[in-house]
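Visitor: Prediction below, plus the sequence it came from.
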Amino acid sequence: MHFKLIVLGIIGVLLTSCTDNINDNKTLTSLKNNTMELSKKDKVVALLNSFNTGDKTPISYINPAKYIQHNLAVGDGLAGFGAVMQHAPPEGFKANVIRSFEDGNYVFTHTEYDFFGPKAGFDVFRFEDGLIVEHWDNLLEVQQPNPSGRTQFDGATELTDLDKTEANKNTVKDFIEKVLLNHEMDKVATYINPTNYVQHNPAVADGLEGFGAAMKYFAENGLVMEYTKLHQVLGQGNFVLAMSEGKFGKGELTAFYDLFRLENGQIVEHWDVIAPIPAESEWKNTNGKF
């Protein structure tokens, strides 16, 4: 059983009571009209919180006629939900949204889950006409605090610098393309603050020294952390999420979700979820991870 089914589990719990009522165009139009008063971010947070409350209202924030799923362990559309819920434990699941952000038609969240055990997760939702039509995610089991004593969830949460959103997105894009993809390591201190860099990766300590020590460990032990393609950069104010693919560990095909916080044009804090991409023979849909 794959664990990367979080949001689908939420939706599956609620679908059974309302699917029959959302099959015609008239109802769909009504759903759109009735949900326009909330921001996209508010809708996503309400949907995730319904994991805890059982509130059926947030199911109306999903387009019942179009829902593209990139969780490769789940079938596409509403049909995939039934199979998910066959595995739901009687005690249900929990979701604690730590951070949430909105970028145009996208909302991305950083969430602490209890879904067959504690999980750290990033979810991305795309909207059309006020309704959710597409979903991506990346999840990892909760780990012990890192060498600097930081967890996968703690750290800054305040949203600032809304006027710097595009500049901060461009900084992260340049960092990944030049440093992580093109290996221009001499430029690291251009993008990462050399004296103030807080790290939440479970295995890496704070500062550029922690980053360098991790890279040395990988090299000395025949391990890899290789970014091969940047797929998406989303941001709001001082927070930017990058979705990339590459190879990790012994060369396993991997999805990298990196959340960065920036100050004065430099990266000062980092959270991530690094998870393997299953073999295509195991996919339950044909939409791809990204």
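Guide: Perfect, I can see it now. Residues are numbered from 1 along each chain as shown.

Visitor: Could I get the average pLDDT for stretch 198-214?
Guide: The average pLDDT within stretch 198-214 is 94.

Visitor: For it, which outside residues touch it?
Guide: With contact meaning Cβ atoms under 8 Å, 6 or more residues apart in numbering, stretch 198-214 is reached by 143-148, 150-155, 188-189, 192, 194-195, 197, 225, 268-272. C-betas here are computed from N, CA, C, even on glycine.

Visitor: Can you point out the buried residues in it?
Guide: By neighbour count with 16 or more other Cβ atoms under 10 Å, stretch 198-214 contains the buried residues Val198, Gln199, His200, Asn201, Pro202, Val204, Ala205, Asp206, Gly207, Gly210, Phe211, Ala214.

Visitor: Restrict the contacts of stretch 198-214 to the buried ones and give me that as a PyMOL selection.
Guide: The buried residues among those can be selected in PyMOL (16+ other Cβ under 10 Å) with this line:
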select buried, resi 146+150+151+152+153+155+188+192+197+225+268+269+270+271+272
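
Visitor: Among the contacts of stretch 198-214, name the ones in helices.
Guide: Val188, Ala189 (DSSP state H).

Visitor: Bridged to the residue at minimal distance from the centre of the chain, which residues?
Guide: What sits nearest the mean C-alpha location of the chain, by Cα atoms, centre = their mean, is Phe122, with 2.1 Å. Phe122 has these beta-bridge partners by DSSP bridges: His110, Asn138.

Visitor: thinking again about what came up before, out of the buried residues of stretch 198-214, list just those in helices.
Guide: Gly207, Gly210, Phe211, Ala214.

Visitor: ok so, going back, what residues are up against the residue nearest to the centre of the chain?
Guide: Each residue near Phe122 by Cβ under 8 Å, 6+ apart is listed here: Phe108, Thr109, His110, Thr111, Asp137, Asn138, Leu139, Leu241, Tyr257, Leu259, Val273.

Visitor: a markdown table please, covering the residues you listed and showing neighbour count and pLDDT.
Guide: Output for the contacts of Phe122, formatted as a markdown table (neighbours: other Cβ atoms under 10 Å; pLDDT from 0 to 100):
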| residue | neighbour count | pLDDT |
| --- | --- | --- |
| Phe108 | 27 | 98 |
| Thr109 | 23 | 98 |
| His110 | 23 | 98 |
| Thr111 | 24 | 98 |
| Asp137 | 26 | 97 |
| Asn138 | 24 | 98 |
| Leu139 | 22 | 96 |
| Leu241 | 26 | 99 |
| Tyr257 | 26 | 98 |
| Leu259 | 23 | 99 |
| Val273 | 21 | 98 |
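
Visitor: Lovely, talk soon.
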